[in-house]
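K.L.:
give me a 3D structure for the following:
(one chain, ligands or ions: 1)
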Amino acid sequence: MKCPFCKQDNDRVVDSRVIGEGRSIRRRRKCLSCDKRFTTYERIEAAPRLVVKQDQRREHFNRDKILQGLRFACKKRPISEEQLEAIASRVEAEVFEKYDNEVSTRSVGEHVSEILKDIDQVAYVRFASVYREFTDVEQFGQAIEPLRRSSAGSAEAVLSDQKDEVLG
Ligand SMILES: [Zn+2]
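P.N.:
The predicted structure is shown next:
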């Protein structure tokens, strides 16, 4: 590695540590020519995952898009921005772990839905309704049926407002 100070290619690694959940390595190096120290980072080259949309167009998987969808679904719900970030990171990790090249928008949506289901039922239905693009009120009704039967009366009230917004 060329020293950024004296430009000589003559250094020794004095410290290495793994960071970013094992995805990169930070190395402290000491230039043997001028004695100055500098830092380098090594990252695993991750091939981008392509998301295949319903019309077959493909685009790079984008964590921010997941976050946008989550923000919409969790609007006015008791879920912090920190939690949303954590969900997005988890989905990103799952996508990179389970798919080598391509993944459908639907599968990505399922991953998000599965996580949301355990966190907030209202957010879950909102999110699922957008991802699955419910074609009629009956399908939507089936998805919210478990909520009606549960004691979450407030959830139902929120959903009846949401229904127009989502389906409209
Ligand atoms: Zn140097």
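K.L.:
which one's the longest helix in this protein?
P.N.:
helix 81-98 (DSSP state H).
K.L.:
does it pack against any helices or strands, and if so which?
P.N.:
Where contact means 3 or more Cβ pairs under 8 Å, 6 or more residues apart in numbering; DSSP states H and E, helix 81-98 is packed against helix 63-73, helix 105-119. Where you see a C-beta, it was placed from the backbone N, CA and C, and this is true even at glycine.
K.L.:
how far away from the center of its chain is the last one?
P.N.:
Think helix 105-119. 10 Å (Cα atoms, centre = their mean, to the nearest Å).
K.L.:
what do you get for the shortest one?
P.N.:
Put simply, helix 63-73 sits 8 Å off its chain's centre (Cα atoms, centre = their mean).
K.L.:
one step back: among the helices and strands packed on helix 81-98, which is nearest the ion?
P.N.:
helix 63-73 (37.9 Å; Cβ to the ion).
K.L.:
what inclination does that closest one have with respect to helix 105-119?
P.N.:
50 degrees (axes from the mean of the first three to the mean of the last three Cα atoms, to 10 degrees).
K.L.:
in helix 63-73, what's buried?
P.N.:
By neighbour count on 16 or more other Cβ atoms under 10 Å, the buried set for helix 63-73 is 66-67, 69-70, 73.
K.L.:
who's in contact with the nearest residue to Ile19 once chain neighbours are set aside?
P.N.:
Setting aside the residues directly before and after it, Ile19 is nearest to Arg26 in space (Cβ to Cβ, 6 or more residues apart in numbering), at 5.4 Å. The contact partners of Arg26, taken as Cβ atoms under 8 Å, 6 or more residues apart in numbering, are 16-19, 39-41.
K.L.:
this structure: helices as residue ranges?
P.N.:
Assigned by DSSP H, the chain shows helices spanning 63-73, 81-98, 105-119, 121-131, 137-149, 153-167.
K.L.:
between these, which gets the lowest average pLDDT?
P.N.:
Confidence, taken as mean pLDDT, is least for helix 153-167 of the helices of the chain (a mean of 49).
K.L.:
now do the residue nearest the centre of the chain against Leu70, distance only.
P.N.:
For the chain, the residue sitting closest to the mean C-alpha position, by Cα atoms, centre = their mean, is Ala88 at 2.6 Å. For Ala88, the distance to Leu70 equals 6 Å [Cβ to Cβ, to the nearest Å].
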